[in-house]
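Return atomic coordinates for the entry below.
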Amino acid sequence: MADVVAPMVGKVIEILVGEGDEVEENQEVVMLEAMKMEMPVVAEGAGKVTAIKVKEGQSVEADDVLVIIG
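Residues are numbered from 1 along each chain as shown. Predicted structure coming up:
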């Protein structure tokens with residue numbers, strides 16, 4: 001399992017995957033807005049999305065788990 005975590009404080013503006021989706025390494029999975037800029041968050045490894053831990057519009061802190069890939 002691999003957790004995709006927020007690299008910094010921000011707001012989730014778009015979730016680009018769904019539970020059950022297969023993702024590739026370096027695929028964008030969540031789009032954050034931080035410091036008035038959009039910042040893609042990518043999967044560090046390939047696998048299947050087993051859980052999405054955030055909702056669009058939600059504020060997150062650095063190192064909060066966004067998506068779990070199994």
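
show me where pLDDT drops low in the protein?
Along the chain, segments meeting pLDDT under 70 are nowhere present.

Any idea which residue is closest to the centre of it?
The residue lying closest to the centre of the chain (CA atoms, centre = their mean) is Val30, at 3.8 Å.

from memory that one sits against Ile15, does it?
Yes - Val30 lies in contact with Ile15 (CB atoms under 8 Å); the separation is 5.7 Å. No exception for glycine: its C-beta is placed from N, CA and C like everyone else's.

Report the set of residues contacting both of the two.
Shared contacts of Val30 and Ile15, defined by CB atoms under 8 Å, 6 or more residues apart in numbering, are found at Val54, Val67.

List of residues touching the helix or strand hosting Ile68?
In the assignment (DSSP states H and E), Ile68 maps to strand 65-69. For strand 65-69, contacts defined as CB under 8 Å, 6+ apart pick out 1-6, 12, 15, 17, 23, 29-30, 41, 43, 45-54, 60.

make it 6 Å
Contact with strand 65-69 is made by 2-6, 29-30, 43, 47, 49-54, as judged by CB atoms under 6 Å, 6 or more residues apart in numbering.

residue boundaries of the strands in this structure?
2-5, 10-15, 22-23, 28-34, 37-42, 47-52, 59-60, 65-69 (DSSP state E).

and the angle for the longest one with strand 10-15?
With axes from the mean of the first three to the mean of the last three CA atoms, to 10 degrees defining the directions, strand 28-34 sits at 140 degrees from strand 10-15.

can you pull the buried residues of strand 28-34?
Neighbour-count burial for strand 28-34 flags Val29, Val30, Met31, Leu32, Ala34 (criterion: 16 or more other CB atoms under 10 Å).

follow-up on the earlier one: and the contacts of strand 65-69, which of them are buried?
Among the contacts of strand 65-69, the ones that count as buried by 16+ other CB under 10 Å are Ala2, Val4, Val5, Ala6, Val29, Val30, Ala43, Gly47, Val49, Ile52, Val54.

on that earlier part again, does the residue nearest to the centre of the chain really touch Val42, like I thought?
No - look at Val30 against Val42 with CB atoms under 6 Å: they stay out of range, at 8.8 Å.
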